[in-house]
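**Student:** Here is my input; please provide its structure:
(one chain, ligands or ions: 1)
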Amino acid sequence: MSKLETQPLLALAAEHLYPNYRQPPFVLERGRGCELWDTEGKRYLDLCAGVAVSTLGHAHPAFVAAVADQAARLTHVSNYFFNEPNLRLAGELCRRTGMDRAFFCNSGSEANEALLKLARRHFFARGETARFRVIAFEEAFHGRTLGALAMTGRAKYREGFGPFAGGVTHVPYGDEGAVRAAMGDDVAAIIVEPVQGEGGVFPAPPGFLRALRAIADERGALLLIDEVQTGIARTGKLLGHDHDDVRADAIALAKGLGAGFPIGAMLCREALAPALPPGTHGSTYGGNPLASAVALAVLRAIDDEGLIEAAAEKGAYLSAALARVVAARPGVCASERGRGLLRAIALRPGVDARAVLGRVRDRGVLLTLGGDTALRFSPPLVVTKAELDEGVAVVDSVLAELPS
Ligand SMILES: Cc1ncc(COP(=O)(O)O)c(C=O)c1O
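**Tutor:** Model (predicted):
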């Protein structure tokens with residue numbers, strides 16, 4: 001049993017934590033693999049991984065060793081100076097992705113801000129100052145900072161935060177014709193997620209990313225791919241758009257890259273290297289030795305444990321299990337969808353998905369919502385099939401109790 005008392009902690013939350021989240025009334029204290037325990041000693045099965053972040057699960061020995069070893073050596077020096085883990089990480093990421101240059105930051109929003117600034121300044125530096133518009137997608141999620149939010153399509157995240165800087169046009173995801181119609185000589189870039197995760201776990205339709213590549217090339221614009229949720233093995237390939245055999249001009253990474261340690265990255269092709277010369281962009285903590293050493297350890301663990309293949313294989317296993325639930329509960333479930341270990345059960349309109357999520361959590365399984373109606377599974381990539389079975393059985397038991 002924990003030595004921590006829960007009630008005084010919850011009182012601190014009630015009195016002093018900014019109330020912009022909706023946490024349930026328990027306090028998580030420790031984790032191992034896919035299991036978490038709260039201060040009352042209750043066990044939870046973590047099938048959300050901190051929203052597709054903790055790919056190695058909790059307290060993975062390679063992660064723990066990387067933090068401890070690097071913290072004992074060198075934590076932070078700023079970008080006024082090189083540091084060894086960061087240079088190695090830049091090399092590793094470029095080698096693995098086929099990109100040429102890496103800029104480091106601390107979150108997905110910040111990586112997407114870098115994409116936006118990169119695209120606009122690329123054309124500015126070439127004298128094409130009228131090329132600034134970005135095509136983004138309805139229901140897209142690119143982050144909460146104001147630049148990233150301007151590209152985010154989901155209305156509920158945007159409401160009340162305008163006016164936005166402008167220069168972003170949102171069109172329906174998957175609609176090639178709408179993209180073509182929205183294009184113009186003022187378009188600097190198209191930005192897209194390979195799977196709309198926050199939007200409800202919708203994979204891009206077959207051929208859509210390739211069509212965007214073709215449109216961008218025809219119109220002299222850039223293709224930017226937001227791999228924050230899909231990148232680093234989550235979908236069963238290193239990058240989500242590797243399924244589509246398409247090459248981006250620049251990509252954003254975060255979440256799985258640090259597997260719980262905050263880090264983000266913007267990777268781009270050599271042609272974009274002159275866009276942001278010294279002094280135009282930066283980030284104090286970006287690529288510090290500690291974050292970089294952890295990301296290197298994460299990439300090594302992904303290799304050593306075959307986690308890309310594991311995400312594909314266990315993703316197929318989870319998909320089949322979720323499809324059986326959908327078939328068994330047609331009154332409350334509409335469909336199963338996703339890619340690799342980023343999957344969801346879409347509930348039928350009228351089913352209170354948030355209430356379902358709460359009941360699943362009360363029975364010890366942690367999931368998140370995607371969109372307003374999808375129960376999202378984004379487990380650690382080290383999850384076992386037995387753990388997936390356990391989680392799916394709990395979800396099924398909750399759905400079985402709903403009126404259909
Ligand atoms: C596709 C995508 N882009 C960007 C973000 C924002 O990342 P962060 O919360 O690290 O700023 C997220 C977070 O969920 C995301 O899923």
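**Student:** State the distance from the closest residue in space to residue 274 that isn't next to it in sequence to residue 222.
**Tutor:** Spatial nearest neighbour of residue 274, chain neighbours left out: residue 125 (6.1 Å); criterion: CB to CB, 6 or more residues apart in numbering. For the C-beta atoms, the positions are set from N, CA and C on the backbone; glycine is no exception. Going from residue 125 to residue 222 by CB to CB, to the nearest Å gives 13 Å.
**Student:** again with residue 109
**Tutor:** Counting by CB to CB, the separation of residue 109 from residue 222 is 19 Å.
**Student:** Between the two, which has more neighbouring residues?
**Tutor:** In terms of neighbours (other CB atoms under 10 Å), residue 222 is the more surrounded of residue 109 and residue 222; the figures are 26 against 23.
**Student:** Show me what that one bridges to in the sheet.
**Tutor:** Taking DSSP bridges, one finds residue 189 as the beta-bridge partners of residue 222.
**Student:** Can you give me every residue that contacts it?
**Tutor:** 119, 122, 188, 189, 190, 216, 249, 250, 272 (CB atoms under 8 Å, 6 or more residues apart in numbering).
**Student:** so can I have CSV of those residues showing distance to residue 131?
**Tutor:** Compiled in CSV, those are given as follows (distance: CB to CB, whole Å):
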residue, distance to residue 131
119, 9
122, 9
188, 5
189, 9
190, 13
216, 12
249, 14
250, 15
272, 14
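**Student:** Residue 359: which of the residues you listed is nearest?
**Tutor:** Here the nearest of these to residue 359, counting by CB to CB, is residue 190; it sits at 40.0 Å.
**Student:** residues in contact with that closest one?
**Tutor:** With CB under 8 Å, 6+ apart as the criterion, the residues that contact residue 190 are 134, 135, 136, 179, 212, 215, 216, 221, 222, 223, 224.
**Student:** Apply 7 Å and report the result again.
**Tutor:** 135, 179, 212, 216, 221, 223, 224 (CB atoms under 7 Å, 6 or more residues apart in numbering).
**Student:** Who are the contact partners of residue 136?
**Tutor:** 151, 153, 168, 170, 191.
**Student:** Surely residue 234 touches residue 341?
**Tutor:** Yes. Residue 234 is within contact range of residue 341, at 6.1 Å (criterion: CB atoms under 7 Å).
**Student:** what residues are shared contacts of the two?
**Tutor:** Counting by CB under 7 Å, 6+ apart, the common neighbours of residue 234 and residue 341 are residue 311.
**Student:** Buried ones among the contacts of residue 190?
**Tutor:** Applying 16 or more other CB atoms under 10 Å to those, the neighbour count classes 135, 179, 212, 216, 221, 223, 224 as buried.
**Student:** Kindly reformat those residues as JSON lines containing secondary structure.
**Tutor:** Converted to JSON lines, the buried ones among the contacts of residue 190 look like this (DSSP: H, G, I helix; E, B strand; the rest coil):
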{"residue": "135", "secondary structure": "strand"}
{"residue": "179", "secondary structure": "helix"}
{"residue": "212", "secondary structure": "helix"}
{"residue": "216", "secondary structure": "helix"}
{"residue": "221", "secondary structure": "coil"}
{"residue": "223", "secondary structure": "strand"}
{"residue": "224", "secondary structure": "strand"}
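**Student:** any weak-confidence spans in the protein?
**Tutor:** Within the chain, the stretches with pLDDT under 70 are 1-2.
**Student:** Can you show me the helices along it?
**Tutor:** 6-16, 49-52, 61-73, 84-97, 108-125, 146-151, 155-158, 176-182, 208-219, 289-304, 307-328, 353-362, 385-400 (DSSP state H).
**Student:** Please name whichever of those helices is nearest to residue 22.
**Tutor:** Closest among the helices of the chain, using CB to CB: helix 353-362, at 8.8 Å.
**Student:** Is there a neighbour count for the nearest residue to residue 256 once chain neighbours are set aside? I'd like the number.
**Tutor:** Once flanking residues are discounted, residue 256 sits nearest to residue 232: 3.5 Å by CB to CB, 6+ apart. Here the count is done by other CB under 10 Å, and residue 232 has 32 residues near it.
**Student:** What residues does this protein have near the ligand?
**Tutor:** Neighbours of the ligand within the chain, by CB under 6 Å from any ligand atom: 51, 107-109, 112, 141-143, 193, 197-198, 226, 228-229, 254.
**Student:** In strands only, show me those residues.
**Tutor:** Mapping the residues of the chain next to the ligand onto strands (DSSP state E) picks out residue 226.
**Student:** Which among the residues of the chain next to the ligand count as buried?
**Tutor:** Of the residues of the chain next to the ligand, these count as buried by 16+ other CB under 10 Å: 107-109, 112, 141-143, 193, 197-198, 226, 228-229, 254.
**Student:** right, and out of those residues, which lies closest to residue 333?
**Tutor:** For those, the nearest to residue 333 is residue 197 (19.4 Å; CB to CB).
**Student:** Correct me if wrong: residue 252 contacts residue 268.
**Tutor:** No. Residue 252 lies out of contact with residue 268 (CB under 7 Å); the separation is 10.1 Å.
**Student:** more neighbours, those two?
**Tutor:** Neighbours per residue (other CB under 10 Å) separate residue 252 from residue 268, with residue 252 holding more: 32 against 26.
**Student:** Can you report how many residues lie near the closest residue to the more buried one other than its chain neighbours?
**Tutor:** Distance criterion CB to CB, 6+ apart; nearest residue to residue 252, sequence neighbours excluded, is residue 111 at 3.7 Å. For residue 111, the count of nearby residues is 33 (other CB under 10 Å).
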